[in-house]
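> fold the following.
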Amino acid sequence: MSGKPGGVFHLRDGLVVAVESPGAPGAEARFLRSGRISGEQWSELLREAGDARWPEAGLIAHGYAGAAQLRVVRMMAMQDAAFAVVAGSVEDCTPFDATSEPYAPVSLGESPWRLLQEATRKLAAVAGLPYPVRPDRERPAPAAIPDDVADQLPQLQRELIAHADGRRTARDIAFVTGLGVYTVTVGMARMLGEGLLEPAGETGSAAPIAVRVPAAGVLSRRSPAAAPRMDPAVVLALASALGDGGVSQEPSQEPSPEPESDTSSLPRRKPGASGITEALAPERTGGSWKGFFRLRNRIWTPDSGT
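So this is what the prediction gives:
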C-alpha cells in the first residue's frame with residue numbers, strides 16, 4: 001500500500017502473516033529498544049543464525065525470550081503496523097508476487113478483513129478521546145506539574161514525559177522506546193486531556209536546541225578605518241617591470257587623493273611606454289637569407305663555366 005507512511009502486507013494462503021511499515025517499529029526494534037537484548041548480542045545471534053533473518057531459535061536457546069513471548073511480539077508488531085497504515089493516508093494498493101519471505105512472520109495468519117477491522121476500531125477509539133492525536137502529527141511537550149505528582153504517575157506516562165520534547169511525534173517516541181505506535185498514541189492523547197502534556201505550538205515549551213557560541217575574543221572585527229596596504233617590495237617590482245622611473249622607493253602609507261580631471265576624455269596610451277615590445281622582440285642576428293643567395297651566386301661550378 002503506497003501512501004504516508006504506507007506499508008507491505010504479506011499474505012499466505014489468503015491470510016496475512018506479516019505487515020511491514022515505516023510508521024511502526026518491527027519485532028527487531030521492539031527487542032532492541034526495550035532493552036531486552038543489546039546490539040552486540042543481536043549481532044551475535046544473526047551470525048549464529050546464518051541465512052535466517054529472524055533468529056528465533058537463538059533467542060530461545062540463549063534465554064532472551066520464550067516461544068510464546070516471540071509469538072506475541074510478532075503478532076503485536078503486525079497489528080501495530082496495520083494500525084499505522086490505516087491511521088495515515090493510503091494512495092494506492094498494488095498486488096505483487098514477493099520472492100522473499102517476510103522478516104518475522106507469524107505462524108498462524110490473520111484474516112485481512114479482521115486485521116483491518118481491528119485497525120479501524122483502534123483508530124475510532126483514538127478519535128473518540130477528548131484530545132485525539134495522530135501518530136505522525138502532534139508533537140507535545142511536558143507540562144509544568146509538581147514533582148510529587150510526577151513521581152506517582154504510571155511507568156508509561158513517566159516514559160512519555162521523559163521523551164516528549166516538543167519535536168517528537170507518537171511514531172518517533174515509539175521507535176525510541178520500542179513501544180507500539182497505538183500504545184503511545186493513546187497514552188499521549190490521554191495525557192494531553194489530563195494536562196500532563198501540552199501542545200508545543202501553543203505554549204512554546206519545547207526543549208531549546210543547543211547552540212554553541214564561540215568564546216569572547218575568538219572572533220575579532222576588522223577596523224573599517226584601516227586602509228589596505230601593499231608590500232613595498234611588490235610596488236618596486238611592479239615599477240621595475242613597467243619601466244616607470246618616477247616611482248618612489250618608499251611608497252606613501254596613506255593613499256593619495258585622485259587628481260581632478262575631465263572625465264569626458266580618457267588618457268591616451270603611449271605605444272612602447274611599458275617596454276614590453278622590446279622585451280618580447282626576437283634577437284637580431286648578423287646574417288640573413290639575402291647574404292646567403294649572394295654568396296651562392298659567386299661560387300664557381302663546372303657547369304656554369306664561370
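
> tell me where the model's unsure across the stretch 151-300 of the chain.
For the stretch 151-300 of the chain, applying pLDDT under 70 flags the ranges 201-300.

> what ranges does the stretch 101-250 of the chain have for its strands?
Assigned by DSSP state E, counting those that start in this stretch, the stretch 101-250 of the chain shows strands spanning 140-142, 197-199.

> quick one: strands adjacent to the last one?
Each strand pairing with strand 197-199, determined using DSSP bridges, is listed with its direction: strand 140-142 (antiparallel).

> could you export the strands of the stretch 101-250 of the chain to a markdown table, including columns for distance to Lys122 and mean neighbour count?
In short, each C-beta sits where N, CA and C put it, glycine included. Shown next, in a markdown table, are the strands of the stretch 101-250 of the chain (distance: least, CB to CB, whole Å; neighbours: other CB atoms under 10 Å):
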| stretch | distance to Lys122 | mean neighbour count |
| --- | --- | --- |
| strand 140-142 | 20 | 24 |
| strand 197-199 | 20 | 21 |
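
> I'd like these as TSV, with distance to Ala18 appended.
Converted to TSV, the strands of the stretch 101-250 of the chain look like this (distance: least, CB to CB, whole Å):
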stretch	distance to Ala18
strand 140-142	32
strand 197-199	33
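
> to Gly14, which of those strands lies closest?
Nearest of those to Gly14, taken as CB to CB: strand 140-142 at 41.0 Å.

> just the buried residues of the strand or helix carrying Leu11, please?
Element membership of Leu11, judged by DSSP states H and E, is strand 8-12. Buried residues in strand 8-12, counted by 16 or more other CB atoms under 10 Å: 9-10.

> quick one: mean pLDDT over the helix or strand following it.
Downstream of strand 8-12, the first helix or strand assigned by DSSP H and E is strand 15-20. Average pLDDT, strand 15-20: 92.

> may I have strand 15-20 exported as PDB, CA atoms only?
What follows is strand 15-20, C-alpha atoms only, in PDB (Å, rounded to 0.1, in the frame of the first residue of the first chain):
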ATOM      1  CA  LEU A  15      -4.100 -14.900   5.400                       C
ATOM      2  CA  VAL A  16      -1.900 -12.100   6.500                       C
ATOM      3  CA  VAL A  17       1.300 -13.400   8.100                       C
ATOM      4  CA  ALA A  18       3.300 -10.100   8.400                       C
ATOM      5  CA  VAL A  19       2.900  -6.300   7.900                       C
ATOM      6  CA  GLU A  20       5.900  -4.100   7.500                       C
END
